[in-house]
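Student: Got a predicted structure plus its sequence, pasted below:
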Amino acid sequence: MRVERSEQAVIDTSCTTVLTMGPKSEGLRLRYMQQDGKFPVVFQKAPGEWSPYLMDIFTTLVEIRWRVMFLIFFLSYILSWLFFGLCYWLIAFVHGDVGGVDSAPCVENVRGFTGAFLFSMETQATIGYGFRGMAENCVGAIVVVTCQDLFSCLLDTIAIGVMVTKMASARKRSQTVGFSSCAVVNLRDGSLCLSWRLGDFRGNHILEGVAKAMLVRPVKGPQGSFAMSYQELRIQDKDIVLATPATVVHKLEPGSPLYSLGPAGPPGDDFELVVSFTYTGDSTGMLHQTRTSYTPADIRWGQRFQEMLKVTRGHYMVDYALFNATAWVPVPRLSAEEFHRRGRPAEDRRPRRRLFAAGERMMITEQVGQQTFL
């Protein structure tokens, strides 16, 4: 009888890089949605098709840049002063006030275009210096003054409304609510889960909001056609009270679009995880939405978010310096589908090789059983 002693082979590896579901070069590809929530989409229209912007001019003024809006309003006021000043000058010219000094004028002290322009500006801005005034013997000038007063009220209303709406824009409030720069995959209650962090950076806390996630994939059809495929992900506890930073969790279970996705990702798979948080502002009562996206290069396998909430005397302390910080945790380098299949009770009991992504060191142990020969 001959007996071979068992041997134990230990392979010591050190994890010095972050394991992601895609290469870093994927971060340079064209994203469906940028991380700041903007879509890199350009609409190509035929020349002269400005009707959608002109029909909803208020929304157009709200969405344009501040400098363009100020330029439009400055030109609106200056051009309106020039237009009504030209009207007053024409009335004075027809009435004979330009050349005649002794005649009773329609507008006092308006003998040229400069005086007409100053009277127009003083009327629309309600300055009222008292040096120039309207006479009762000229009906045409009275009608023009009435029209200018009504136009001035309308222009002031539009200008004030647009500025207030831009300052209270939901986009500005959404910049104070942010997502983590990466998503992580780790074990929660024995199941693989994909999670990302959500936080409010202002002192005024959000008491109600809904988190959503959607998987976006480009799909190539016949004859070179191109379309986008959308699949909604199920979120655990999607109703969030954002008094403190929260972690949004999606369980990689049967029925999930990411159930068969492993740490390396299937070859040729191209997807983007679009996440959003819709909530009502506590100060203005307006509906806001913060959104971002994660590519496979932004998803870290075998990591968890570091704890940033501490309990002190009398209050909770949140350290936002650790908002994007992650730490290594033991996670099997298997897809959720393969991990659940290997973990079933009906599996055979033969020795099996297990791979784990450890914190700073991974130990892979292979044990060779004893062999007995008679």
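Tutor: Arrived safely, thanks for sending.
Student: buried residues in stretch 186-193?
Tutor: For stretch 186-193, a neighbour-count test (16 or more other Cβ atoms under 10 Å) marks 186, 192-193 as buried. Backbone N, C-alpha and C define where each C-beta goes, glycine included.
Student: wait, is residue 120 part of a helix?
Tutor: Yes: assigned with DSSP: H, G, I helix; E, B strand; the rest coil, residue 120 falls within a helix.
Student: got the contact list for it?
Tutor: Each residue near residue 120 by Cβ atoms under 8 Å, 6 or more residues apart in numbering is listed here: 81-82, 84-85, 87-88, 148.
Student: same thing with residue 182?
Tutor: So residue 182 contacts 196, 294, 298-300, 324, 326 (Cβ under 8 Å, 6+ apart).
Student: Show me just the buried residues among these.
Tutor: 196, 294, 298-300, 324, 326.
Student: Mind putting those into TSV with secondary structure, distance to residue 75 and pLDDT?
Tutor: Formatted as TSV, the buried ones among the contacts of residue 182 follow (DSSP: H, G, I helix; E, B strand; the rest coil; distance: Cβ to Cβ, whole Å; pLDDT from 0 to 100):
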residue	secondary structure	distance to residue 75	pLDDT
196	strand	46	94
294	strand	44	92
298	helix	44	89
299	strand	49	90
300	strand	51	91
324	coil	45	91
326	strand	52	92
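Student: Same list (these) but as TSV, adding distance to residue 236.
Tutor: As requested, the buried ones among the contacts of residue 182 are arranged in TSV below (distance: Cβ to Cβ, whole Å):
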residue	distance to residue 236
196	12
294	17
298	20
299	17
300	19
324	22
326	20
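Student: now, among these, which is nearest to residue 239?
Tutor: residue 196 (16.6 Å; Cβ to Cβ).
Student: My understanding was that that closest one contacts residue 179; is that so?
Tutor: Yes: counting by Cβ atoms under 8 Å, residue 196 does reach residue 179; the two are 5.9 Å apart.
Student: what touches both of these two?
Tutor: residue 275.
Student: Select only the buried ones of the contacts of residue 120 in ChimeraX?
Tutor: Buried residues among the contacts of residue 120 (16+ other Cβ under 10 Å), as a ChimeraX selection:
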select :81,84,85,87,88,148
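Student: Would you point out the most distant pair within the contacts of residue 120?
Tutor: 82 and 148 (12.0 Å).
Student: would you list every one of the strands in the stretch 201-350 of the chain?
Tutor: Using DSSP state E, counting those that start in this stretch, the strands of the stretch 201-350 of the chain run over 206-220, 226-232, 239-242, 246-251, 272-280, 287-294, 299-301, 303-305, 309-312, 315-318, 326-328, 331-332.
Student: and the ones you listed as JSON lines, adding distance to residue 339?
Tutor: Formatted as JSON lines, these follow (distance: least, Cβ to Cβ, whole Å):
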{"stretch": "strand 206-220", "distance to residue 339": "20"}
{"stretch": "strand 226-232", "distance to residue 339": "21"}
{"stretch": "strand 239-242", "distance to residue 339": "28"}
{"stretch": "strand 246-251", "distance to residue 339": "12"}
{"stretch": "strand 272-280", "distance to residue 339": "20"}
{"stretch": "strand 287-294", "distance to residue 339": "21"}
{"stretch": "strand 299-301", "distance to residue 339": "12"}
{"stretch": "strand 303-305", "distance to residue 339": "17"}
{"stretch": "strand 309-312", "distance to residue 339": "29"}
{"stretch": "strand 315-318", "distance to residue 339": "33"}
{"stretch": "strand 326-328", "distance to residue 339": "18"}
{"stretch": "strand 331-332", "distance to residue 339": "5"}
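Student: Tell me which of those lies nearest to residue 58.
Tutor: Of all these, strand 287-294 comes closest under Cβ to Cβ, at 18.1 Å.
Student: rewinding a little: kindly indicate which of the buried ones among the contacts of residue 182 lies nearest residue 281.
Tutor: residue 196 (22.2 Å).
Student: Which residue in the contacts of residue 120 has the weakest pLDDT?
Tutor: pLDDT across the contacts of residue 120 is at its lowest for residue 88, which sits at 89.
Student: Check for me that it belongs to a helix.
Tutor: Yes: assessed by three-state DSSP, residue 88 belongs to a helix.
Student: Under the pLDDT cut-off, which ranges of the stretch 51-200 of the chain? List them.
Tutor: Within the stretch 51-200 of the chain, the ranges that satisfy pLDDT under 70 run 51-52, 99-103, 169-175.
Student: Mind jotting down where the strands sit in it?
Tutor: Counting by DSSP E, counting those that start in this stretch, the strands of the stretch 51-200 of the chain are 177-179, 183-188, 191-200.
Student: Residue 60 is nearest to which of these?
Tutor: Counting by Cβ to Cβ, residue 60 lies closest to strand 177-179 out of the strands of the stretch 51-200 of the chain; the figure is 26.4 Å.
Student: hmm, who's touching the closest one?
Tutor: Against strand 177-179 from outside (Cβ under 8 Å, 6+ apart): 196-202, 206, 242, 275, 277, 279, 288, 290, 292, 323.
Student: can you rerun that using 6 Å?
Tutor: 196, 198, 200, 290, 292 (Cβ atoms under 6 Å, 6 or more residues apart in numbering).
Student: nearest to residue 168, of these?
Tutor: residue 290 (16.2 Å).
Student: What is the neighbour count of the closest one?
Tutor: As a burial measure, residue 290 scores 24 neighbours (other Cβ atoms under 10 Å).
Student: Let me know whether it touches residue 277 as I believe.
Tutor: Yes: between residue 290 and residue 277 there is a contact at 4.9 Å, judged by Cβ atoms under 6 Å.
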